[in-house]
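1. I'll drop the sequence and a predicted model, then ask my questions.
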Amino acid sequence: DEIQVLYTKNPTTNETYPISHGYVGSSLCAFNHLNPGYKIFTLDSNGKALDFDIHYTNMTADNIAGKDVIPKWTSEKALKKVYGLDSLTTDSWHQFLTKAQTEDKLVNLYFNYFHRYSETF
């Protein structure tokens, strides 16, 4: 799962600041290096994202279990709390990225969700 924060630069001060963000969705199709997964967002009545959960299955374990076994899906709930965000705003994601520049544990956490705990990583 991928989060992208978009930035612009003030031409007068050369200072960059965040202007938007986007979520790159998981894929239910298995790629050669990623486990399949999907996101479920919780929205308010205006469509604003309040939180999201990710769900994924481990293809290696599923294949070892055999074709007659239903894949086991793992859920990671309330990613806003997991990432330590106050909200899912662009500023919150920018603060997360700023903090991740000095905290390896945040980078590792994000990377694990990014590739959905695939063995090749």
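-> Yep, that arrived.
2. Pull out the buried positions in the worst-scoring helix or strand of the chain on mean pLDDT.
-> Least confident helix or strand of the chain, by mean pLDDT, DSSP states H and E, is helix 104-114 with a mean of 86. By 16 or more other Cβ atoms under 10 Å, the buried positions in helix 104-114 come out as Leu106, Leu109, Tyr110, Tyr113, Phe114. For every residue, glycine as well, the C-beta is placed using N, CA and C.
3. could you dump the residues you listed to JSON lines with distance to Asp62?
-> As requested, these are exported to JSON lines (distance: Cβ to Cβ, whole Å):
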{"residue": "Leu106", "distance to Asp62": "29"}
{"residue": "Leu109", "distance to Asp62": "24"}
{"residue": "Tyr110", "distance to Asp62": "24"}
{"residue": "Tyr113", "distance to Asp62": "19"}
{"residue": "Phe114", "distance to Asp62": "20"}
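4. so where is the chain shaky, pLDDT-wise?
-> Along the chain, the model assigns pLDDT under 70 to residues 120-121.
5. can you give me the helices in it?
-> Using DSSP state H, the helices of the chain run over 59-65, 79-82, 90-100, 104-114.
6. can you list the residues that contact the least confident helix or strand of the chain?
-> Contacting residues not belonging to helix 104-114 are listed as 1-3, 54, 76, 79, 82-84, 96, 99-100, 121 [Cβ atoms under 8 Å, 6 or more residues apart in numbering].
7. before we move on, the earlier item: just so I know, which of the helices of the chain lies nearest Thr13?
-> Closest approach to Thr13 among those is made by helix 90-100 (17.0 Å; Cβ to Cβ).
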